[in-house]
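In: Here's a sequence, model it:
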Amino acid sequence: GKTTVAALYGKLLAEIGLLSKGDVILKNPSDFVGDVLGSSEKQTRSILKSAEGCVLVIDEAYSLYSGSDVSKTNDPYKTAVIDTLVEQVQAVPGDDRAVILLGYKEEMERMLRNVNPGLSRRFQIDH
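Out: From the prediction side, this is the model:
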């Protein structure tokens, strides 16, 4: 399913020259979240660096948000991941990386409504 589609997407992006490799790297939110202050940012930057030339797929991305619509408090380690994604994924022409966030629509919308607003500008659900 989703890995196959991501692989086709990566191959297409590589064929038209937007990615240098087109390989797919599949990650879950737990791969990004550290266990001490500063480690989430470091792990996120490391994963993004390793994804240069590739399609980075973050499955179940909504679990990077642990708050609710009422209580917008969130895990500081997960917040650090989101803030680092916003900082590093700029959609600058020539960026040699594609990042795809996957998850259930309702949960993804809730996350995008409640985290760093830069994330929803970079990863739009609606056209």
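In: can I get the CA coordinates of the host helix or strand of V57 in CSV?
Out: Per DSSP states H and E, V57 falls inside strand 55-58. The C-alpha coordinates for strand 55-58 follow below in CSV (Å, rounded to 0.1, in the frame of the first residue of the first chain):
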residue,chain,number,x,y,z
VAL,A,55,11.3,10.2,0.2
LEU,A,56,10.9,10.2,4.0
VAL,A,57,7.6,8.7,5.1
ILE,A,58,6.5,9.4,8.6
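In: So what are the sheet partners of that strand and their directions?
Out: Its sheet considered, strand 55-58 pairs with strand 24-27 (parallel), strand 98-101 (parallel) by DSSP bridges.
In: the helices in this protein, which residues?
Out: 2-15, 39-50, 76-88, 105-114, 117-122 (DSSP state H).
In: CSV for these, including mean neighbour count?
Out: Bear in mind the C-beta positions are built from the backbone N, C-alpha and C, glycine included. Output for the helices of the chain, formatted as CSV (neighbours: other C-beta atoms under 10 Å):
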stretch, mean neighbour count
helix 2-15, 15
helix 39-50, 17
helix 76-88, 19
helix 105-114, 16
helix 117-122, 15
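In: Go through the ones you listed and name the closest to G94.
Out: helix 2-15 (13.0 Å; C-beta to C-beta).
In: and the closest one, average pLDDT?
Out: Helix 2-15 shows a mean pLDDT of 94.
In: how distant is that helix from the center of its chain?
Out: What separates the centre of helix 2-15 from the centre of its chain is 16 Å, taken as C-alpha atoms, centre = their mean, to the nearest Å.
In: and what of stretch 118-127?
Out: The chain centre lies 11 Å from the centre of stretch 118-127; the measure is C-alpha atoms, centre = their mean.
In: likewise stretch 48-60?
Out: 8 Å.
In: Please report the separation between the first and final residues of it.
Out: Stretch 48-60 has an end-to-end distance of 17 Å (C-alpha to C-alpha, to the nearest Å).
In: which parts of it are buried?
Out: Buried positions in stretch 48-60, judged by neighbour count with 16 or more other C-beta atoms under 10 Å: 48, 51, 53-60.
In: Out of those, the closest to P93 would be?
Out: G53 (15.6 Å).
In: Could you tell me how far the closest one is located from K78?
Out: 27 Å (C-beta to C-beta, to the nearest Å).
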